[in-house]
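Enquirer: With the sequence up front, the predicted model follows.
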Amino acid sequence: MVNNCEGWGNNEDETRSNGGGRYDKGESWENKDDDSSNASYALLAHVRERGIPTQEPVLNKDGQLYSLETFTNCDKEGSSKQCGPYLGFSHRFFENYEFLWSLTETTRLREFYSAVKNDNDLEIVKSVVDAFERDIVPRYTGFTPGVIHGDLNEQNIIVSEVPGQRKVTCDQRVHDVIAILDWAHVTKSYFVFDIAINIAYLSIECEENKQLDVGGHILKGYANYRKINDVEFQSIPLLVCCRLCQSLVYGAHAYSQQPGNEYLISTAKKGWPLLRKYWNADFTNLLNKWKSMIESD
């Protein structure tokens, strides 16, 4: 059975074999290979062993974890608190693995500038990319390296409502993170990148007047598992801007390839205003506010 799924690729098809195994087949500018799949499965096992629920591969009818199939004539219509326990994983595949969505590849956004039609927004993107090259790349030696999830957004986090809140209104109830999904963007990079990615995506979905506070809340939770150094801390606001630029620019490019696939521009409505807000913010004042939030009881 093959069902079309909205996604970033030109054609992402969920395929279910007779044996119950599931895998994704996509024809896109984000390609996968056998080493990538093996490394991802190894990481998923590592994470589950440390108490973080995530998807578990199921053998297909041939007893394999996955298989690669070719389809022709297909219909082509269209918080971070739980991060700590899986840090420290290693696999040979991730040693030299880089791909378009890695924050280390931020300068490749220049290849996709034509997808941004608003001149003012394009100038912001160009400024962010230039700042990344000038200010972030030289700081790599001060960042802590490790394997990161790489796409810790609100759609990849499963939460469960904390019991005992029947008298609390739905929009005020507290939830715990109970599982993390979608490990397709895992790579060996820098831990601070995962923090920035998480802040970027969760800020998009936050109330507008609280968006710039999201970083403080995430960092306060993250501090329970790992301390970040000053170089990393100072870099986070700019890295958040970098991830927002990636999401918005690649989304615009993908949409130009698949007009009508609204998923591809799902972050654009709130994402562009957030990027403008972040880029115009005083980073020093923002970091001081986050520091106060982290140190508060």
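Expert: Yes, it's here.

Enquirer: Setting aside sequence neighbours, what's the nearest residue to H253?
Expert: A115 (3.9 Å; C-beta to C-beta, 6 or more residues apart in numbering). In short, each C-beta sits where N, CA and C put it, glycine included.

Enquirer: Spit out the contact partners of that neighbour.
Expert: By C-beta atoms under 8 Å, 6 or more residues apart in numbering, A115 lies in contact with 249, 252-253, 256.

Enquirer: From the residues you listed, which land in helices?
Expert: 249, 252-253, 256 (DSSP state H).

Enquirer: Please pick the buried ones from those residues.
Expert: Neighbour counting with 16 or more other C-beta atoms under 10 Å marks 249, 252-253 as buried within the ones in helices among the contacts of A115.

Enquirer: Make CSV out of those and add pLDDT and distance to A200.
Expert: Listed next are those as CSV, based on pLDDT from 0 to 100; distance: C-beta to C-beta, whole Å:
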residue, pLDDT, distance to A200
V249, 96, 13
A252, 94, 16
H253, 93, 18
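
Enquirer: State the phi and psi torsions of the most far-flung residue of the chain relative to its centre.
Expert: The centre of the chain is farthest from one residue, K167, which by C-alpha atoms, centre = their mean lies 34.0 Å away. The phi/psi pair for K167 (degrees, to the nearest 10) reads phi -90, psi 0.

Enquirer: separation between Y222 and E232?
Expert: Separation of Y222 from E232 (C-beta to C-beta, to the nearest Å): 11 Å.

Enquirer: These two: who's more crowded?
Expert: Y222 (24 against 20; other C-beta atoms under 10 Å).

Enquirer: Was I right to think that one contacts V192?
Expert: No - at 9.9 Å, Y222 and V192 do not qualify as touching, with contact defined as C-beta atoms under 8 Å.

Enquirer: so what sits against both of those two?
Expert: In contact with both Y222 and V192: I228, using C-beta under 8 Å, 6+ apart.

Enquirer: Strands of the stretch 101-250 of the chain, start to end?
Expert: For the stretch 101-250 of the chain, applying DSSP state E, counting those that start in this stretch gives strands covering 145-148, 157-161, 175-180, 187-190.

Enquirer: so which of the ones you listed is the most packed in?
Expert: Most buried of the strands of the stretch 101-250 of the chain, by mean neighbour count (mean count of other C-beta atoms under 10 Å): strand 187-190, with a mean of 22.

Enquirer: Give the full set of residues in contact with the residue nearest to I199 when sequence neighbours are not counted.
Expert: Setting aside the residues directly before and after it, I199 is nearest to G215 in space (C-beta to C-beta, 6+ apart), at 4.6 Å. The contact partners of G215, by C-beta under 8 Å, 6+ apart, come to 199, 203, 236-237, 240, 286, 290.

Enquirer: With Q211 instead?
Expert: By C-beta under 8 Å, 6+ apart, Q211 lies in contact with 203-204, 274, 277.

Enquirer: For PyMOL, write the selection for the buried entries among the residues you listed.
Expert: Here is the PyMOL selection string for the buried members of those, based on 16+ other C-beta under 10 Å:
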select buried, resi 203+204+274
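
Enquirer: And the contacts of Q211, which is closest to K227?
Expert: S203 (22.5 Å; C-beta to C-beta).

Enquirer: and that closest one, what is it in contact with?
Expert: With C-beta under 8 Å, 6+ apart, S203 has these contacts: 211-212, 214-215, 240, 274.

Enquirer: With E208 instead?
Expert: P273.

Enquirer: If I look at it, what pLDDT would I see?
Expert: Here the pLDDT value assigned to E208 is 91.

Enquirer: distance of it from K270?
Expert: From E208 to K270 the distance is 8 Å (C-beta to C-beta).

Enquirer: can you check N156 too?
Expert: Between N156 and K270 the computed distance is 18 Å (C-beta to C-beta).

Enquirer: quick one, which of these two is more surrounded?
Expert: It is N156, of N156 and K270, that has more neighbours when counted by other C-beta under 10 Å, with 19 against 15.

Enquirer: Straight-line length of stretch 178-185, end to end?
Expert: 20 Å (C-alpha to C-alpha, to the nearest Å).

Enquirer: No more questions from me, cheers.
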